[in-house]
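Asks: No letters, just coordinates:
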């Protein structure tokens, strides 16, 4: 025997109006007019052949039939919502989370920590591609992106996840040959610029009241993982974000020259188009990312 179901839009209107005891609030919730709600209620009452609301000067109230019908209808909607959410999460889990991440962030910081994410979310597969500069989701299949951007030139949807603080780093052997005990001593060494941070060394030296014109500037590097390798090889002194250099400083492979961190004009941002921000895989990774970065937000800065 086929099911004899009531008109579902009318049931939806009844459930909202019954919860709020207001046709106006139900109309606002469902983004329709009050007249449309009233019409849907009348349609349902006609289908059921019984009134569900009592209309009076002070507003509306449920009839006995309405009181009986509401918990059943609400329960059906709750069950449908729960089943839909579970299915949606399962579908999300089958599709990898595709992230477009700046190379040094991906290779130095993120990849070694992905195992911790998988331990908490074993059904969410993460695929990473690297990119730099402004992100255009219209030309990309990525679900989200991580970028390091000048804080004066960030798109409206960008969410700041970490401020950038730089460390002056060097290999221990280099400092044995020519120690750095005060800012002026930096000038004894080749200074390795970063091509995406033009003028950063100049600003740092000026902050120490050291004339940048006296600096011996070496070859520039495009990515911080290249700068770190050059510094470890003893090619000179580099400026590297603290959270990217932390492990190598802790292991003794590098030294934080002068023991300071310096605020830059750049920050790290999470970008995600609005139509993907509600995906389960996006939400759980976004939450894990912010939790994992939280310890790096507490470094003392100059």
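Replies: Cool, the structure landed. Being a predicted model, the structure only gives us computed values, none of them experimental.

Asks: What are the buried residues along stretch 106-116?
Replies: Within stretch 106-116, the residues that count as buried by 16 or more other Cβ atoms under 10 Å are 106, 107, 108, 109, 110. To be clear about C-beta, it is placed using only N, CA and C from the backbone, and glycine gets the same treatment.

Asks: and residue 286, what does it touch?
Replies: Taking Cβ atoms under 8 Å, 6 or more residues apart in numbering, we find residue 286 in contact with 144, 270, 272.

Asks: Surely the last one touches residue 285?
Replies: To tie it back to what came earlier, the one meant is residue 272. No: using Cβ atoms under 8 Å, residue 272 is not in contact with residue 285, being 9.9 Å away.

Asks: Mutual contacts of these two, please.
Replies: With contacts defined as Cβ under 8 Å, 6+ apart, the residues shared by residue 272 and residue 285 are residue 144.

Asks: mind putting the contacts of residue 286 in JSON lines, pLDDT, secondary structure and distance to residue 9 included?
Replies: Putting the contacts of residue 286 into JSON lines (pLDDT from 0 to 100; DSSP: H, G, I helix; E, B strand; the rest coil; distance: Cβ to Cβ, whole Å) gives the following:
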{"residue": "144", "pLDDT": "97", "secondary structure": "strand", "distance to residue 9": "35"}
{"residue": "270", "pLDDT": "97", "secondary structure": "strand", "distance to residue 9": "38"}
{"residue": "272", "pLDDT": "95", "secondary structure": "coil", "distance to residue 9": "32"}
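
Asks: Following the chain past the helix or strand of the chain with the lowest mean pLDDT, name the next helix or strand.
Replies: Ranked by mean pLDDT, DSSP states H and E, the weakest helix or strand in the chain is helix 64-94, scoring a mean of 80. Moving toward the C-terminus from helix 64-94, the next helix or strand (DSSP states H and E) is strand 97-101.

Asks: Show me what that following strand is packed against.
Replies: Applying 3 or more Cβ pairs under 8 Å, 6 or more residues apart in numbering; DSSP states H and E, one finds that strand 97-101 makes contact with strand 126-130, strand 144-150, helix 280-293.

Asks: Residue 41: which of those is closest?
Replies: helix 280-293 (35.0 Å; Cβ to Cβ).

Asks: Now do the buried residues in that closest one.
Replies: Buried positions in helix 280-293, judged by neighbour count with 16+ other Cβ under 10 Å: 280, 281, 282, 284, 285, 286, 288, 289, 293.

Asks: rewinding a little: going by distance to residue 60, which of the buried residues of stretch 106-116 wins?
Replies: For the buried residues of stretch 106-116, the residue nearest residue 60 by Cβ to Cβ is residue 110; the value is 54.9 Å.

Asks: Thank you, goodbye.
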